[in-house]
Every structure is written in structure tokens, then in C-alpha cells.
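1. here are the coordinates; sequence isn't available:
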């Protein structure tokens, strides 16, 4: 957020936090410590050359509950406000509106059955996802299923625009902690094809194998 003078004031950058909070020498006073996080920026706008997201757009509606002119850095934004801001930021940058993927088959290491009416504590392993890798995959291949080629935006209109799951060609459950290449290791798939890919365990079916199933069983 750019504040103060000279104007304009507003959002000029976005990115991903890539570290835990840590202490180091204060940027403006070597006798003090400050709190820091490392950041990978995906967007930085030069306000002297380009328009930035004006702070005036953050004064009404859902945004009015947040103080956008704090006296210190490190402010926290409620989840519902952050979700809306990501959508409006994407529109401002003329990018696809982000869609958040639910927990899906390759994120769960084991399944559990439930007895109806009886409370039960359940523990599952959910492997870390990198949202930036997901974005790079969709930017490269589009929000179109790599198997059946459904485009939810064309099928359902604006409510489906940008909706897609992202499939790990090698599931995280058997490749924990590996260095991911979003272009080589990920593919966009629809929820149905995603589930069918994971009908074989531990190694899922390949994209080509599932395409062949569709061809063989086409009516």
C-alpha cells in the first residue's frame, strides 16, 4: 500500500509471504530490532508511471471495516475482505479472478468411514499447496480440463469463469517436499476427471490414459 505524499495513494504491489516472521536490525534504527517476513512479489506497479488501485475504492462496503491507513506495517485483513480484495485486484490488473481449490483426493493420505449420528474425531494428512504454482499452471494451460476439455466459463457463464482444479501428475503423498515445476508437474483438470485420475492408487492414471478411457467409452 502506498500512503502519504505525493498522491496517488492505494495498492501498488502484491505477492506471497515466503518465510515465518523473524527479527532483524530495524531498517531505520540500528539500536533496535524489527519484525520481518520475506516476500516474493508477483506484481509491483510504479506509481509515477502507471495507475495504482486507488485507496478510494477501499472506503465502502466490505472494505469499510478495515483501517487502510495504519501507522505501522504488518496489518491483518479478515479472510472475507481479503477474498474480495484479491478478486478486485485481479479485475484491476485485467487478470483471471482467482479460484480457490477445495481439499481433493490427492491431498488426503487416507480415507475414513463414518457411522451416522456418532461424533468422531478424524485426522487426515493435507499436503502443502503452493497457490503461486497453481496460478502459473493455469496461466500456462488455461482454466480448461486437460482430459475432457470442459471450460466452466463457457458452460456456466460468469459463475464458472476461471473455475478448475489443478492435478499433480505425481501425487504429493509419494513425493513429499520435492521441488515443483508448475509447467511440468501440474495440469488443470475438472473435478470429475480429477476424481477419475485418482481411482488408481498410489500412482494415479495419466492424463493420456484417462483420455483413452473417454474415447473407448464414448457413446
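-> Everything's here; your move. No experiment lies behind these values; they were computed from the predicted model shown.
2. nearest residue to residue 133 in space, ignoring adjacent ones along the chain?
-> Residue nearest to residue 133 in three dimensions, not counting chain neighbours: residue 182, with 4.2 Å by CB to CB, 6 or more residues apart in numbering. No exception for glycine: its C-beta is placed from N, CA and C like everyone else's.
3. tell me the phi and psi of the one you found?
-> Recorded main-chain torsions at residue 182 are phi -60, psi -30, according to degrees, to the nearest 10.
4. quick one: the most centrally placed residue in the chain and residue 182, what's the gap?
-> Nearest residue to the geometric centre of the chain (CA atoms, centre = their mean): residue 131, 3.4 Å. Spatial separation of residue 131 from residue 182 under the definition CB to CB, to the nearest Å is 11 Å.
5. tell me the pLDDT of the residue nearest to residue 133.
-> Looking at residue 182, its pLDDT reads 86.
6. against residue 81, how distant is it?
-> Residue 182 sits 28 Å away from residue 81, taking CB to CB as the criterion.
7. re earlier: what about the nearest residue to the residue nearest to the centre of the chain once chain neighbours are set aside, which SS state?
-> In this structure, residue 131 finds its nearest non-sequential neighbour in residue 16, 7.2 Å apart by CB to CB, 6+ apart. Applying DSSP: H, G, I helix; E, B strand; the rest coil to residue 16 yields a three-state assignment of strand.
8. that older thread, how about the contacts made by the residue nearest to residue 133?
-> Taking CB atoms under 8 Å, 6 or more residues apart in numbering as the definition of contact, the neighbours of residue 182 are 133, 134, 136, 137, 140.
9. now do the buried residues in the strand ranked longest in the chain.
-> Taking DSSP state E as the assignment, the strand of the chain that covers the most residues is strand 29-36. Buried residues in strand 29-36, counting neighbours by 16 or more other CB atoms under 10 Å, are found at residue 36.
10. what's in contact with the helix or strand that it is followed by?
-> Proceeding N to C from strand 29-36, the next assigned helix or strand is strand 39-44, under DSSP states H and E. If you take CB under 8 Å, 6+ apart as the criterion, strand 39-44 is touched by 12, 13, 14, 15, 16, 17, 18, 93, 132, 135.
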